[in-house]
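Colleague: Generate a structure from the sequence data that follows.
(chains A and B)
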Protein chains: 2
Amino acid sequence: MRVLVPFDAREPKTRLDDVLDPGERTAFARAMLGDVLAVVREAGGDPEILATASLRDEYADVPVTVDDRPLSPAINDMLAGADGPVAVVMADLALSRPTDLRRLFDAEGDVVAVPGLGGGTNALVVRHPEFRVDYHGASFRDHREIAAEVGAEFHVLDSHRLATDVDERSDLVELLIHGTGEAANWLDAAGFVLAETDGRVDVRRPDDSDSERLK
Amino acid sequence: MRVLVPFDAREPKTRLDDVLDPGERTAFARAMLGDVLAVVREAGGDPEILATASLRDEYADVPVTVDDRPLSPAINDMLAGADGPVAVVMADLALSRPTDLRRLFDAEGDVVAVPGLGGGTNALVVRHPEFRVDYHGASFRDHREIAAEVGAEFHVLDSHRLATDVDERSDLVELLIHGTGEAANWLDAAGFVLAETDGRVDVRRPDDSDSERLK
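Modeller: Numbering: from 1, shown residues only, chains lettered A, B, ... in the order given. Predicted coordinates:
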């Protein structure tokens, strides 16, 4: 299956600016992208990067389409030109394992959607020619409505690993606890550790200066 | 299967104090408990409440054990006295549906665990006589280690719905988007609506005074 992996190549992961500087955010985002591409392949998918700017030749074995428009029109052009099923998997699903993506690719339905934390849509499989995406705001509800409008059967996949797009500080906790790939290793090498609180576990970085070498 | 549902009957949901007053927190916690008990039953489980204080007769059809100790020793006494499998399902899993709990009850393994957001353990099925719980801190990792120590096969169930224990403001977003039970109705009646932001969707309460009647 064709699997589009959208990637913000310009200023990735801005909502992590309280814990990572710009160079680190880029390195961390690239580590997550590498993990996702590898997991898509292991799950039997054919990944294609849809990037907002050139990535040079860092992922030479994966086709890259550069499109600087917002995500929805860029994806919708790909969907309009496709002649078979297309999956869209976000580049920050750093908790995903091959078994999770096989569950996604194997799920039946004209449209299979995985909700992300906070109302987003982290992954889609689109098998209906008229379905189009709208990633603005609480997109999960919108995608359900769009599917209904075009008469597409809508199937929801329930997965904590795929629901966790790594965007905010609290997501780093999930990655430290459950992650197994290069992005989790990067966080570990950057000095992040779990920190217990009165509520949910947080992250901290005891010796921030150690991280300089990672940029 | 016996299904223990621990419930803080004294001061529930303190981490929602930025959006709910004490009377509302109690009403909301009771709504979630009612949803969880109903879903456990629909999934074929036999619920028992393990409460920190008396609940009077509000759940007359469900056995209640009052134990004012911390959660871990209270649960461990129940596990030590059990002669068959026991599940532990948190009372704030307000996104759970019967199909999700059937997945839990049907999963194979000496110990089946569902991680919660932030490193907790939201649900367990215990089929090994020597396994004991330790809910302090990042309990999911600890439960994996405890299972290994007693030679119990540890199976992890990946579910966004069961990973979402409703403890904090951001969890209300998930309940508003994905919830179908009385707790979701309560939030709706209390005036909570989704609010788009630059990042993940948030909740807001446009007319706070409307909520007075719900207490």
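
Colleague: Pull the contacting residues for A:Arg10.
Modeller: A:52-53 (C-beta atoms under 8 Å, 6 or more residues apart in numbering or on different chains). For every residue, glycine as well, the C-beta is placed using N, CA and C.

Colleague: Kindly apply the preceding question to A:Thr14 instead.
Modeller: The contact partners of A:Thr14, by C-beta under 8 Å, 6+ apart, come to A:Arg25.

Colleague: For chain A, what lies in contact range of chain B?
Modeller: A:15, A:100, A:115, A:117-120, A:137-138, A:140-141, A:158-163, A:167-168, A:170, A:173-174, A:177-178, A:194, A:196, A:199-201 (C-beta under 8 Å from any C-beta of the partner chain).

Colleague: looking at chain A, which helix or strand is least sure?
Modeller: Within chain A, no helix or strand scores below strand A:202-204, which has a mean of 91 by mean pLDDT, DSSP states H and E.

Colleague: residues near the closest residue to A:Pro98 other than its chain neighbours, how many?
Modeller: Once flanking residues are discounted, A:Pro98 sits nearest to A:Glu42: 3.9 Å by C-beta to C-beta, 6 or more residues apart in numbering or on different chains. Residues lying near A:Glu42 (other C-beta atoms under 10 Å in any protein chain shown) number 13.

Colleague: Tell me the confidence at A:Glu42?
Modeller: A:Glu42 carries a pLDDT value of 97.

Colleague: which residues are contacting the lengthiest helix in chain A?
Modeller: Identified as the longest helix of chain A according to DSSP state H is helix A:22-42. By C-beta under 8 Å, 6+ apart, the surrounding residues in contact with helix A:22-42 are A:3, A:5, A:7-8, A:11-14, A:16-17, A:20, A:46-47, A:49, A:58-59, A:62, A:89-94, A:96-98, A:100-101, A:166, A:181-183, A:185-187, A:190, A:211, A:214-215.

Colleague: Buried members of those residues into ChimeraX, please.
Modeller: In ChimeraX, this line selects whichever of the contacts of helix A:22-42 come out buried by 16 or more other C-beta atoms under 10 Å in any protein chain shown:
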select /A:3,5,7,8,12,13,16,20,47,49,59,62,89,90,91,92,93,94,96,97,100,101,166,181,182,183,186,187,190,211,214
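
Colleague: Just the contacts of helix A:22-42: which are in strands?
Modeller: Per DSSP state E, strands hold the following members of the contacts of helix A:22-42: A:3, A:5, A:7, A:46-47, A:49, A:89.

Colleague: For these, work out which two are farthest apart.
Modeller: A:Phe7 and A:Asp46 (16.1 Å; C-beta to C-beta).

Colleague: What's the end-to-end length of stretch A:119-128?
Modeller: Stretch A:119-128 has an end-to-end distance of 22 Å (criterion: C-alpha to C-alpha, to the nearest Å).

Colleague: The spatially most central residue of chain A: what's it in contact with?
Modeller: Centroid check for chain A by C-alpha atoms, centre = their mean gives A:Met90 as the closest residue, at 2.4 Å. Counting by C-beta under 8 Å, 6+ apart, A:Met90 touches A:5-6, A:36, A:116, A:122-123, A:165.

Colleague: Going by distance to chain B, which of these wins?
Modeller: Closest approach to chain B among those (C-beta to the nearest C-beta): A:Gly116, at 8.3 Å.

Colleague: so what's the closest one closest to, chain neighbours aside?
Modeller: A:Asn122 (3.8 Å).

Colleague: And the pLDDT for that neighbour?
Modeller: Predicted confidence (pLDDT) for A:Asn122: 98.

Colleague: my guess is it meets A:Asp165, correct?
Modeller: Yes: using C-beta atoms under 8 Å, A:Asn122 is in contact with A:Asp165, at 5.2 Å.

Colleague: which residues are common contacts for these two?
Modeller: By C-beta under 8 Å, 6+ apart, the residues touching both A:Asn122 and A:Asp165 are A:90, A:93, A:116.

Colleague: picking up where we left off before, can I get the contacts of A:Met90 in a markdown table with distance to B:Ala82?
Modeller: Formatted as a markdown table, those follow (distance: C-beta to C-beta, whole Å):
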| residue | distance to B:Ala82 |
| --- | --- |
| A:Val5 | 47 |
| A:Pro6 | 49 |
| A:Val36 | 42 |
| A:Gly116 | 38 |
| A:Asn122 | 38 |
| A:Ala123 | 39 |
| A:Asp165 | 39 |
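
Colleague: Which two of the residues you listed have the greatest separation?
Modeller: A:Val5 and A:Gly116 (14.9 Å).

Colleague: residues in contact with A:His138?
Modeller: One thing to correct before we go on: residue A:138 is Ala, not His. A:Ala138 neighbours (C-beta under 8 Å, 6+ apart): A:118-120, B:177, B:194, B:196, B:201.

Colleague: Would you mind giving those residues as JSON lines with neighbour count added?
Modeller: Output for the contacts of A:Ala138, formatted as JSON lines (neighbours: other C-beta atoms under 10 Å in any protein chain shown):
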{"residue": "A:Gly118", "neighbour count": "21"}
{"residue": "A:Gly119", "neighbour count": "22"}
{"residue": "A:Gly120", "neighbour count": "22"}
{"residue": "B:Ile177", "neighbour count": "18"}
{"residue": "B:Leu194", "neighbour count": "18"}
{"residue": "B:Glu196", "neighbour count": "12"}
{"residue": "B:Val201", "neighbour count": "22"}
